[in-house]
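Asks: got a predicted structure here, sequence first:
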Amino acid sequence: MAEKVYDDALTTLQRIKDRMGIDNTNNDTVLTRLVNAASDYIENYCDRHFAHKTYTDELYSIYGERLTFLQLKQMHVTALTSISYRSGTPQTPNWVILALNYAELVEDGEPGLIRIYPGFAPLLYTGVNAIKVTYDAGYLIDFTNAGDKTKHELPGDLSDLCERLVVRWWKRRENGGKQSE
């Protein structure tokens, strides 16, 4: 089976070929690997996943006396589904659902920050793996509809960065192990 570009890659094979002026399929396999590698590299460097996805029961450890804000692991949060706190012990947890009217997304979820309002006993949700959150985050990626912000939300600078990395790696592929004279 032929290799293919990841569904959640930050660019497409055709966009790379257009950028480099390539009109044949001779190097598609190598370019596909480079697109996937560049997408992985950017996501690993940023420590986040950019494609829209549901994150279920992510655990958070809370230290201190009072929690006002909770920074989620992903950004561009589009929906906050549930927040639970552990009232039992780590060995026998009893997860209690926090009513969502006690929490809200800050700045429409773009920074991945949740504000938890007062009135909720702060000592109940401190400790290791004390909070469990389910939410949707990330950008819709549909390059066939690029330019339509309702179907393709990925920022253009991320695609451009991915494409520039692929082009750079492509141009340097034959220099591996060589030294300048």
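Replies: Structure's in. What do you need? Because the structure is predicted, anything quoted here is derived from the model rather than measured.

Asks: all contacts plus neighbour counts: C-alpha atoms, from now on.
Replies: Noted.

Asks: so where do the strands sit in this structure?
Replies: Counting by DSSP state E, the segments of the chain that form strands are 53-62, 69-71, 77-86, 95-98, 103-105, 113-116, 127-137.

Asks: how about these in CSV, adding mean neighbour count, mean pLDDT and distance to residue 146?
Replies: Shown next, in CSV, are the strands of the chain (neighbours: other CA atoms under 10 Å; pLDDT from 0 to 100; distance: least, CA to CA, whole Å):
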stretch, mean neighbour count, mean pLDDT, distance to residue 146
strand 53-62, 15, 91, 19
strand 69-71, 15, 87, 30
strand 77-86, 19, 90, 19
strand 95-98, 16, 86, 38
strand 103-105, 18, 88, 27
strand 113-116, 19, 87, 27
strand 127-137, 19, 89, 19
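
Asks: which one of those strands lies nearest to residue 25?
Replies: Minimum separation from residue 25 across the strands of the chain (CA to CA) falls at strand 53-62, 31.7 Å.

Asks: quick one: work out the angle between that closest one and strand 127-137.
Replies: Angle, strand 53-62 to strand 127-137, by axes from the mean of the first three to the mean of the last three CA atoms, to 10 degrees: 160 degrees.

Asks: export only the CA atoms of strand 53-62, formatted as PDB.
Replies: Below are the C-alpha coordinates for strand 53-62, written out as PDB (Å, rounded to 0.1, in the frame of the first residue of the first chain):
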ATOM      1  CA  LYS A  53     -10.500  16.500  17.900                       C
ATOM      2  CA  THR A  54     -12.400  15.500  21.000                       C
ATOM      3  CA  TYR A  55     -10.200  15.000  24.100                       C
ATOM      4  CA  THR A  56     -12.000  12.700  26.600                       C
ATOM      5  CA  ASP A  57     -11.300  12.600  30.300                       C
ATOM      6  CA  GLU A  58      -8.000  14.400  30.300                       C
ATOM      7  CA  LEU A  59      -6.500  14.500  33.800                       C
ATOM      8  CA  TYR A  60      -5.100  17.500  35.500                       C
ATOM      9  CA  SER A  61      -3.200  17.800  38.800                       C
ATOM     10  CA  ILE A  62      -4.000  20.900  40.800                       C
END
